[in-house]
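Novice: Structure for this input, please:
(2 chains)
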Amino acid sequence: MTNPFAMKSWSPYLVGLGIGLLSWFTFATANKPIGITTAFEYTAALAEKAVVPQVAEAGQWHNKYFDEKSPKIDWEWMLVLGVLVGAFFSASLSGDRQHEKVPSLWRWRFGDSVAQRYAAAFLGGALMMFGARMAGGCTSGHGISGTLQLAVSSWVFILLAFSVGTVTAFAMYGKEGGDHV
Amino acid sequence: MFDSPEKLALGFITGIVFGFLLQKGRVGKFEVIVGQFLLKDWQVLKVMLVAMAVGSIGVYGLVEADLATLSIKPFLYGGVLIGAVLFGIGMAVFGLCPGTSVAACGEGNRGAMIGVLGMLTGATVFVAAYPLIEPVIKGFGDGDKIAIPDVLGVSPWLVIVGLLLVVAVFLAAVEYFERKPMRKTPGQVGGVKEPPFVSRGHVTR
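Specialist: Residues are numbered from 1 along each chain as shown, chains lettered A, B, ... in the order given. So this is what the prediction gives:
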């Protein structure tokens, strides 16, 4: 029998089952849902407070963000770090390391400029994070953890976000794009 | 500034398992995410829907047994609706979502690392501009921290059973159409474009 950890992929149903059971674990042990983007927001807030301490004090530099929220290195922050480490283990054990700088679908449509691809990744990532923090969650916090709690906000978010993602992808790659996935 | 060491360790272990699963699920890959948006690769929805279905049973069970409490996010119309639109555009352009981009960094993906730098930048702008953004998030009305069973006025278990059925039928349909050979697409008027069983993913210009 082959070592399952050395396999490059598992059935999506098995992975879904695993993530579902993991959500039981997080509610049972930490009473928290899995989420990712709050940690990014807290990191940014802590950095801003470190550079400009006046943002958290009364005065002209005051930012009311710091009245409403208290950013910290917390459970979720360590979870994000763990995702990096866990994926590194999984990819290393299976030899599934990713070295391609420009994905083949992107190259087919936009050419092989690395700078162009990196610029799109940077701007796309920034816009995505900004949207996630406006909405209070992402594919994990709303898309999985929120929907499994049957939250109305999360169902609305993920249905709208994925619909917009679909329209955007078709606008970028057209129908022929699917043949290059 | 810091949670207790036990909580930090627990979060870290949870994250390792989550990252491991995301990597084995292949959802930290550009082609898989964009392939889902192009309705060609259904891996993302398979993982998410099963996770949601399985998760709902256990989490509502824990809540019923008083072992956990729900943490439902408020439905602030401006924040959720505008945020979802920006999120969807950004995710399609980047080709990864927040959790899967962190997993892709673990795979050594350079583009994902650049995207994560962009994400940190987006978060920095959000915090710095929060006094301006907050009225947009909260100003268009608040649907409150409401769940589907509250809206329908029924037991959550009824909603969960309904969801399980919908998910099962949906995934069975996806499997059926994926296995069906020579699937006719509406755009394919005459002639065969490509043999259906040619390995995908290595098509170059």
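Novice: what about the helices in chain B?
Specialist: B:5-24, B:30-37, B:43-64, B:77-94, B:98-106, B:110-128, B:130-138, B:148-152, B:156-179 (DSSP state H).
Novice: just the ones you listed: most buried one?
Specialist: Highest mean neighbour count of the helices of chain B: helix B:98-106, a mean of 29 (counted as mean count of other CB atoms under 10 Å in any protein chain shown). In this view, the C-beta of every residue, glycine as well, is placed from N, C-alpha and C.
Novice: ok, the residue nearest in space to the middle of chain B - contacts?
Specialist: The centroid of chain B falls nearest to B:M48 when counting by CA atoms, centre = their mean (6.2 Å). Counting by CB atoms under 8 Å, 6 or more residues apart in numbering or on different chains, B:M48 makes contact with A:16, A:139, A:143-144, A:147.
Novice: Check B:K138 too.
Specialist: B:K138 neighbours (CB under 8 Å, 6+ apart): B:76, B:78-79.
Novice: any idea of the pLDDT on the closest residue to chain A within chain B?
Specialist: Using CB to the nearest CB, B:G15 is the residue of chain B that sits closest to chain A, at 2.0 Å. On the pLDDT scale, B:G15 is placed at 98.
Novice: wait, isn't B:V127 in contact with A:E48?
Specialist: Yes: taking CB atoms under 8 Å as the definition, B:V127 is a contact partner of A:E48 at 5.8 Å.
Novice: For those two, list the residues in contact with both.
Specialist: A:N63.
Novice: and the most centrally placed residue in chain A, how far is that from chain B?
Specialist: Centroid-nearest residue in chain A: A:I36, 5.8 Å away (criterion: CA atoms, centre = their mean). The gap separating A:I36 from chain B is 4 Å, by CB to the nearest CB, to the nearest Å.
Novice: ok, back up a step: return the residues in contact with the residue of chain B closest to chain A.
Specialist: A:78-86.
Novice: Also near chain B: which of these, exactly?
Specialist: A:78-86 (CB under 8 Å from any CB of the partner chain).
Novice: Please tell me which one of those counts the most neighbours.
Specialist: Ranked by the number of neighbours (other CB atoms under 10 Å in any protein chain shown), these place A:V83 first, at 34 neighbours.
Novice: what helix or strand is that residue on?
Specialist: Counting by DSSP states H and E, the element that carries A:V83 is helix A:75-94.
Novice: Now do the next helix or strand after that helix: which elements does it pack against?
Specialist: Next in sequence after helix A:75-94, counting helices and strands by DSSP H and E, comes helix A:104-110. Packing partners of helix A:104-110 (3 or more CB pairs under 8 Å, 6 or more residues apart in numbering or on different chains; DSSP states H and E): helix A:114-135, helix A:152-173, helix B:30-37.
Novice: Compare the ones you listed and give me the one nearest B:G55.
Specialist: helix A:152-173 (12.0 Å; CB to CB).
Novice: Poorly predicted segments of chain B, please.
Specialist: Chain B contains residues with pLDDT under 70 at B:181-205.
Novice: Also chain A?
Specialist: Chain A contains residues with pLDDT under 70 at A:1.
Novice: Check it for the residue nearest chain B and tell me.
Specialist: Closest point on chain A to chain B, by CB to the nearest CB, is A:G82, at 2.0 Å.
Novice: Relative to B:R26, how far out is the closest residue to that residue other than its chain neighbours?
Specialist: Spatial nearest neighbour of A:G82, chain neighbours left out: B:G15 (2.0 Å); criterion: CB to CB, 6 or more residues apart in numbering or on different chains. Going from B:G15 to B:R26 by CB to CB, to the nearest Å gives 19 Å.
Novice: now do A:A121
Specialist: 19 Å.
Novice: quick one, which of these two is more surrounded?
Specialist: Taking other CB under 10 Å, A:A121 and B:R26 do not tie; A:A121 has more neighbours (29 against 22).
Novice: which residue packs closest to the more buried one, ignoring adjacent ones?
Specialist: The shortest distance from A:A121 to any non-neighbouring residue, by CB to CB, 6+ apart, is to B:G115 (4.0 Å).
Novice: Repeat that for B:G108.
Specialist: A:R97 (4.7 Å).
Novice: Quick check: that neighbour vs A:A87, distance?
Specialist: From A:R97 to A:A87 the distance is 11 Å (CB to CB).
Novice: same deal with B:G61?
Specialist: Taken as CB to CB, the span from B:G61 to A:A87 is 29 Å.
Novice: Repeat that for B:G78.
Specialist: 34 Å.
Novice: Got phi/psi on the most far-flung residue of chain A relative to its centre?
Specialist: Distance from the centre of chain A peaks at A:G59, with 34.7 Å (CA atoms, centre = their mean). Main-chain torsions, A:G59, degrees, to the nearest 10: phi 140, psi -170.
Novice: State the number of residues packed around B:L70.
Specialist: For B:L70, the count of nearby residues is 18 (other CB under 10 Å).
Novice: pretty sure it contacts B:V63?
Specialist: Yes: at 5.8 Å, B:L70 and B:V63 qualify as touching, with contact defined as CB under 8 Å.
Novice: Alright, calling it a day.
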